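Peer 1: Sequence and predicted structure, then a few things I'm wondering about:
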Amino acid sequence: MIGFYDYTVLLTYASLISAVLGILICMDGQGHPFIGVFFLMISGLCDAFDGKVARTKKNRTLQERRYGVQIDSLADLVAFGVLPACIGNSMLRVLPSMPEVNRVHVSRMTGWPFVSIFYTIMVIYVLAALVRLAFFNVEEEIRNEKNEGLRKYYTGLPVTSASLIFPILLSFQYITPVDITPLYFVTLLIVSCLFVMPIPVRKPGTRAILIMILIGTIDFIAMLWLYLQRR
């Protein structure tokens, strides 16, 4: 078979599998956006360590390294590009009929003006994630040719930040009486812009990654507890 299947790519594959499951759940007729968020966080956890795990293999060939970069970006597009858009679509379709989430709806938001705007934002978000990842791949190839070592800064907001931003945002739906669906789409649009803006973003070190994982874990547990309490 073509491709590689050793331990250096297993977390990337796991991230993709989690993302696909989240997309399928969100797009199901009775899809639940908050369950989709759980899978988004799992993908984020896998992504936090896949690079570090891959670098533990010192004798990786050039083909293995380039393969790892490519599948990481492809998996990220699905997990942090497509899945957040699907979560937004699920919120439009399902959130108004979810009895376990108490809120006062700003609007049913089912008319074509709202739907057109929200769907446009979802398309922009996925496109921005694609552009951000493609640009990152080009930068990585140039850096590897120059043997510049590990990078210290990213250009633009990394798409993996979606695994922390959107779960924290959706957790507020359990504690606020206001429908946050419009805010979710505004956030999608803002994050889309940050993906493609030429701003330097410092690459997080191990300590920063552990702090983000801790925040994500707390949010995951809190959302799971609130979800089970309201069922």
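Peer 2: Perfect, I can see it now. Numbers count the residues shown, from 1 in each chain.
Peer 1: When you work out contacts or count neighbours from here on, use the C-alpha atoms and nothing else.
Peer 2: Noted.
Peer 1: same question for the longest helix along the chain, mean pLDDT?
Peer 2: When the chain is parsed with DSSP state H, its longest helix is helix 112-145. For helix 112-145, the mean per-residue pLDDT is 88.
Peer 1: I'd like to know which elements whichever helix or strand comes after it is packed against.
Peer 2: Per DSSP states H and E, helix 112-145 leads on to strand 153-155 as the next helix or strand towards the C-terminus. In terms of contacts (3 or more CA pairs under 8 Å, 6 or more residues apart in numbering; DSSP states H and E), strand 153-155 is packed against strand 200-202.
Peer 1: contacting residues around the strand it packs on?
Peer 2: 152-157 (CA atoms under 8 Å, 6 or more residues apart in numbering).
Peer 1: between the residues you listed, which is nearest residue 77?
Peer 2: Proximity of the contacts of strand 200-202 to residue 77 (CA to CA) peaks at residue 157, which lies at 13.8 Å.
Peer 1: from memory residue 189 sits against residue 125, does it?
Peer 2: Yes. With contact defined as CA atoms under 8 Å, residue 189 and residue 125 form a contacting pair (6.4 Å).
Peer 1: More neighbours: which of these two?
Peer 2: A direct count of neighbours by other CA atoms under 10 Å for residue 189 and residue 125 places residue 125 higher, at 26 against 20.
Peer 1: Can you name the residues that contact the more buried one?
Peer 2: 81, 85, 188-189, 191-192.
Peer 1: Identify, from those, the entry nearest to residue 26.
Peer 2: Nearest to residue 26 among the contacts of residue 125, with distances taken as CA to CA, is residue 85, at 9.7 Å.
Peer 1: That closest one reaches residue 128, doesn't it?
Peer 2: No. The criterion here is CA under 8 Å, and residue 85 misses it with residue 128 at 11.8 Å.
Peer 1: Comparing these two, which residue is more hemmed in?
Peer 2: residue 85 (26 against 23).
Peer 1: May I have the residues that are in contact with the more buried one?
Peer 2: Residue 85 neighbours (CA under 8 Å, 6+ apart): 122-123, 125-126.
Peer 1: what helix or strand is it on?
Peer 2: Counting by DSSP H and E, residue 85 is part of helix 83-94.
Peer 1: May I see the contacts of residue 85 organised as CSV, with distance to residue 15 added?
Peer 2: Shown next, in CSV, are the contacts of residue 85 (distance: CA to CA, whole Å):
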residue, distance to residue 15
122, 21
123, 22
125, 20
126, 17
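Peer 1: List the contacts of the residue most central in space within the chain.
Peer 2: Compute the mean C-alpha point of the chain, and by CA atoms, centre = their mean the closest residue is residue 80, 2.7 Å away. Counting by CA under 8 Å, 6+ apart, residue 80 touches 40, 129, 159-160, 162-163.
Peer 1: Need the max-distance pair from these.
Peer 2: It's 40 and 129 that sit farthest apart of the contacts of residue 80, by CA to CA, at 15.0 Å.
Peer 1: one step back: now the helix holding residue 85: mean pLDDT?
Peer 2: 88.
Peer 1: What lies in contact with the lowest-mean-pLDDT helix or strand in the chain?
Peer 2: When the helices and strands of the chain are scored by mean pLDDT, DSSP states H and E, helix 206-230 comes last with a mean of 79. The contact list for helix 206-230, computed with CA under 8 Å, 6+ apart, reads 38, 41, 45, 48, 100-101, 164, 167-168, 171, 174.
Peer 1: CA atoms only: put the helix or strand where residue 166 lies into CSV for me.
Peer 2: Using DSSP H and E, residue 166 maps to helix 162-171. Coordinates of each C-alpha in helix 162-171 appear next as CSV, following Å, rounded to 0.1, in the frame of the first residue of the first chain:
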residue,chain,number,x,y,z
ALA,A,162,-10.3,26.6,16.4
SER,A,163,-10.2,23.6,18.7
LEU,A,164,-10.0,26.0,21.7
ILE,A,165,-11.9,29.0,20.5
PHE,A,166,-15.2,27.4,19.4
PRO,A,167,-15.6,25.0,22.3
ILE,A,168,-15.1,27.8,24.8
LEU,A,169,-17.6,29.9,22.9
LEU,A,170,-20.3,27.2,22.7
SER,A,171,-19.9,26.4,26.4
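Peer 1: Fine, thanks again, bye for now.
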